[in-house]
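S.K.: Sequence first, then the predicted structure, then my questions.
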Amino acid sequence: MNFSIKKLRLMVFLVLVMAVAVSTTSAQTFRVLHNFSGGADGAMPYASLTMDRAGNIYGTASAGGQTLCPGGCGTVFRLAPSGSGWLFTPIYKFAGDPDGSSPRAPLAIGPDGSLYGTTFEGGNSTCYPSACGTVFRLRPAAHPCHTALCAWNETVIYSFGQNVAAEPSGNIAIDPAGNIYGTTLVDFGTVYKISPSGNGWTGTILHQFDGHDGQAPYGGVVFDASGNLYGTTYQGGGNYLCSCGVVFELSYSDSGWNERILYQFQGGASEVGINPRVGVVFDSRGNLYGASGCGGPGYGGTVYELLAPSGIEANVLHAFSGTCVPGPSGPWSDLAIDASGNLYGTTYGDGQNNFGNVFRLTLSNGTWTYADLYDFSGALDGSGPVGGATIGTDGNLYGTTIQGGAYGEGVVWEIAR
């Protein structure tokens with residue numbers, strides 16, 4: 001009986017291998033760099049990846065690792081170039097309390113070279129049952145390590161639920177002075193600042209959303225050249241027929257940080273979609289680009305542009321065909337932009353197989369051209385890329401899926417360009 005089960009599993013495995021081989025034949029550039037097992041390496045990587053100048057890749061897995069949390073508390077991992085391949089190392093495993101659990105946002109490299117990130121849960125236990133979340137810093141061990149499995153040193157620099165409400169969501173932004181900016185979801189949501197203060201860190205709310213000006217800023221924030229902050233909210237805004245979200249700007253003055261709504265999502269089929277989980281990015285001319293996960297002309301979300309300097313008019317660059325039920329099938333994470341102004345991203349459930357895809361938008365003579373770079377099959381190549389596409393120092397694209405792969409717990413993938 002045991003032999004039959006093993007034989008059946010082997011047959012299924014070979015079928016999946018053949019399926020991936022067929023699905024990647026046309027691209028010939030896609031490969032899986034790591035299959036998450038749900039053990040010490042982690043599981044379900046939600047966030048986009050981060051690459052340092054040396055070409056090392058860093059990311060987070062929202063589950064797996066230590067079993068002190070249901071399903072695991074999550075991990076931070078590194079992929080280092082090694083010959084023609086990559087060496088995967090889990091550099092930290094969260095414990096839930098007090099260091100946090102369920103990291104769902106991308107990591108950022110600070111001015112001091114340390115890795116900074118957030119956990120969605122864990123930390124301050126006053127937010128029971130899910131806890132509040134944390135901001136953490138990771139540094140390599142001070143003394144030389146003689147094994148590839150050495151853990152990095154983690155420091156919780158801020159626990160939410162004190163001066164700033166809980167559940168940090170999207171990417172963080174770090175200014176040259178080392179101040180950290182981001183968003184939380186509880187109580188309509190906030191934009192916050194975490195600043196070094198003596199031997200510790202202080203949290204400050206820069207803006208508290210009230211629903212009329214936006215609600216649930218999933219996408220994090222980004223700076224412009226003048227130090228203003230920009231982002232989106234998933235819901236809220238002034239359109240009471242559709243709590244569809246907004247694109248906002250926060251600018252600093254002597255009276256504090258002031259919000260301006262740049263665009264109000266409307267929800268009509270001719271519009272740019274609804275309920276964006278995705279933040280915005282700038283090009284070299286100061287134009288803003290973002291994406292919505294559902295709605296728009298094809299009902300599957302869009303990629304849109306807000307032209308500088310006013311940012312009031314939104315132009316649809318591409319409309320996806322999909323659905324909002326049971327969840328958005330379009331982009332769930334920020335776009336990436338290269339030096340030529342080309343845009344890259346992923347969809348959660350679009351593509352030829354409805355398991356998500358990787359795409360590129362190229363501008364030529366005033367026209368944007370859409371290219372489907374890869375369609376996930378839901379098998380060994382992964383399924384459901386919640387995180388976006390990251391442009392590496394080598395020009396290749398890197399990302400993750402939350403499901404699929406050899407163990408069904410997600411993968412790290414690469415597309416060589």
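M.R.: That came in fine, so what should we check first? Computed from a prediction, not measured in an experiment: that's the story for all the values here.

S.K.: which residues in the protein form helices?
M.R.: With helices called from DSSP state H, the chain shows them at 2-25.

S.K.: which residue is nearest the middle of it?
M.R.: Per C-alpha atoms, centre = their mean, the C-alpha nearest to the average position across the chain is that of A47, at 3.6 Å.

S.K.: Identify the residues contacting it.
M.R.: Going by C-beta atoms under 8 Å, 6 or more residues apart in numbering, A47 touches G59, T60, S62, P103, R104, A105, P106, L107, S333, V386, G387, T400. Using the backbone N, CA and C atoms, a C-beta is placed for each residue, glycine as well.

S.K.: quick one: which of the residues you listed is nearest V325?
M.R.: Comparing these against V325 with C-beta to C-beta picks out V386 as the nearest, at 17.6 Å.

S.K.: Look up how far I205 lies from that closest one.
M.R.: Look at V386 and I205: by C-beta to C-beta, to the nearest Å, they are 27 Å apart.

S.K.: So these two - more neighbours on which side?
M.R.: Neighbours were counted for V386 and for I205 using other C-beta atoms under 10 Å; V386 has more, 24 against 14.

S.K.: R360 and A63, how far apart?
M.R.: In terms of C-beta to C-beta, R360 sits 30 Å off from A63.

S.K.: These two - which one has more neighbours?
M.R.: Counted by other C-beta under 10 Å, R360 and A63 do not tie: A63 has more neighbours, with 24 against 19.

S.K.: For G256, list the residues it contacts.
M.R.: L206.

S.K.: Kindly state the beta-bridge partners for it.
M.R.: Beta-bridge pairing of G256 under DSSP bridges involves S253.

S.K.: right, and R277 touches G301 too?
M.R.: No: at 9.6 Å, R277 does not count as touching G301 under the criterion of C-beta atoms under 8 Å.

S.K.: returning to what we had before: could you dump the contacts of A47 to a markdown table with distance to P70 and pLDDT?
M.R.: Below are the contacts of A47 laid out as a markdown table (distance: C-beta to C-beta, whole Å; pLDDT from 0 to 100):
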| residue | distance to P70 | pLDDT |
| --- | --- | --- |
| G59 | 22 | 98 |
| T60 | 18 | 98 |
| S62 | 12 | 98 |
| P103 | 16 | 97 |
| R104 | 16 | 97 |
| A105 | 20 | 97 |
| P106 | 24 | 97 |
| L107 | 24 | 98 |
| S333 | 25 | 96 |
| V386 | 20 | 97 |
| G387 | 22 | 98 |
| T400 | 21 | 98 |
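
S.K.: Could you work out the most separated pair of these?
M.R.: Based on C-beta to C-beta, the longest span within those runs between L107 and V386 and measures 15.2 Å.

S.K.: which residues touch the residue lying closest to G214 once chain neighbours are set aside?
M.R.: The shortest distance from G214 to any non-neighbouring residue, by C-beta to C-beta, 6 or more residues apart in numbering, is to T233 (3.3 Å). Taking C-beta under 8 Å, 6+ apart as the criterion, T233 is in contact with G189, F209, G214, Q215, A216, P217, Y218, G245, V246, F248, P276.

S.K.: With D334 instead?
M.R.: S48, G170, N171, G219, G220, V278, G279, V280, V281, G345, G388.

S.K.: follow-up on the earlier one: which one of the contacts of T233 has the most neighbours?
M.R.: Neighbour counts for the contacts of T233 (other C-beta under 10 Å) peak at P276, which has 35 neighbours.

S.K.: okay, that residue: pLDDT?
M.R.: Per-residue confidence (pLDDT) for P276: 95.

S.K.: which residues does it contact?
M.R.: Listed by C-beta under 8 Å, 6+ apart, the contact set of P276 reads Y218, G219, T232, T233, Y234, G245, V247, F265, G290, A291, S292, G293.

S.K.: change it to 10 Å
M.R.: By C-beta atoms under 10 Å, 6 or more residues apart in numbering, the residues touching P276 are 217-219, 231-235, 244-247, 263, 265, 290-295, 301-302, 304, 328, 330-332.

S.K.: roughly how far apart are it and N396?
M.R.: Taken as C-beta to C-beta, the span from P276 to N396 is 27 Å.

S.K.: and if you look at H143?
M.R.: Distance of H143 to N396, computed by C-beta to C-beta: 33 Å.

S.K.: Tell me where the model's unsure across the chain.
M.R.: For the chain, the stretches with pLDDT under 70 are 1-28, 128-130, 144-149, 270, 310-311.

S.K.: Contacts only, for the closest residue to H212 other than its chain neighbours.
M.R.: Excluding its sequence neighbours, the residue lying closest to H212 (C-beta to C-beta, 6+ apart) is G238, at 6.2 Å. For G238, the contact set (C-beta under 10 Å, 6+ apart) comprises G211, H212, D213, G214, V246, I261, Q264.
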